[in-house]
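Here is a sequence together with a model predicted from it:
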Amino acid sequence: MGTVTAMSDEALADLIADLTQRGLTVATAESLTGGGLVARLVDVPGASHVVRGGACTYAVDTKASVLGVSESQLALTGPVDEQVARQMARGARELFRADIGVSTTGVAGPGPADGFPAGTVHIACVHPAGEEHRLLHLEGDRAAVRAGAIDAALALVRDVLDFAAVGRGD
């Protein structure tokens, strides 16, 4: 997966409307996207009905102190890791008392970091019906990797709503 299809403003508005109709709330936990994911969500009028908040935990230690990511996990794997992404999403869900937590962690570039090439991104979504994770290998410059991670995280929430029968009280 080198590139991710950008989510159109219309598709994003539909996602917010779907969350609203289902009575679901969402919160974000972000590293490489630096708040861009929550900013993209709140670009949509009516987002205040569903977006609870977002935590930008760019520094590794803040993933533990703010989101409750295991310090031993971070020491073992570093921040670019599936379990870290899952724990970040869980942490956002708990911190903001949201139905859905979605996270981004990875290497934006331009060069490698933590032993991984630029474009290595983990996203996770924790929701009432379970958890989902995706590993991405994005191409392009720093801005393209960050934008791709945001679009992939939004697409993951969309997929969770479409396929996991997520709803309040499930």
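That came through fine.

hey, let's count contacts and neighbours off CA atoms from now on
Fine.

how about the helices of this protein, start to end?
Counting by DSSP state H, one finds helices in the chain at the ranges 9-22, 36-42, 60-67, 71-77, 82-95, 142-163.

For the ones you listed, give me TSV that also has mean pLDDT and distance to Glu30.
TSV is the format used below for the helices of the chain (pLDDT from 0 to 100; distance: least, C-alpha to C-alpha, whole Å):
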stretch	mean pLDDT	distance to Glu30
helix 9-22	97	18
helix 36-42	98	7
helix 60-67	98	9
helix 71-77	97	15
helix 82-95	98	8
helix 142-163	97	10
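
To Ala108, which of those helices lies closest?
helix 142-163 (5.0 Å; C-alpha to C-alpha).

how far is that closest one from where the chain is centred?
Mean-position distance between helix 142-163 and its chain equals 7 Å (C-alpha atoms, centre = their mean, to the nearest Å).

what angle separates it from helix 9-22?
If you take axes from the mean of the first three to the mean of the last three C-alpha atoms, to 10 degrees, helix 142-163 sits at 40 degrees to helix 9-22.

Buried ones in helix 142-163, by neighbour count?
Buried residues in helix 142-163, defined by neighbour count with 16 or more other C-alpha atoms under 10 Å: 142, 144-158, 160-161.

Same check on stretch 48-64?
Using 16+ other C-alpha under 10 Å as the burial criterion, the residues of stretch 48-64 that qualify are 49-58, 60-61, 63-64.

what distance separates that stretch from the centre of its chain?
With C-alpha atoms, centre = their mean as the basis, stretch 48-64 stands 9 Å off its chain's centre.

try stretch 131-147
With C-alpha atoms, centre = their mean, you get 11 Å for stretch 131-147.

which residues touch the residue positioned nearest the centre of the chain?
Centroid check for the chain by C-alpha atoms, centre = their mean gives Ser103 as the closest residue, at 2.6 Å. Each residue near Ser103 by C-alpha atoms under 8 Å, 6 or more residues apart in numbering is listed here: 28-31, 85-86, 88-89, 92, 123-125, 153.

quick one: which of these is nearest Arg22?
Cys125 (16.9 Å).

And the closest residue to that closest one other than its chain neighbours, how close does it get to Ala13?
Among residues not flanking Cys125 along the chain, Val102 sits closest, at 4.3 Å (C-alpha to C-alpha, 6 or more residues apart in numbering). Using C-alpha to C-alpha, to the nearest Å, we find Val102 at a distance of 17 Å from Ala13.

Comparing the two, which residue is more hemmed in?
Per other C-alpha atoms under 10 Å, whichever of Val102 and Ala13 has more neighbours is Val102, with 33 against 18.

Who does the more buried one form a beta bridge with?
For Val102, the beta-bridge partners are Thr28, Cys125 (DSSP bridges).
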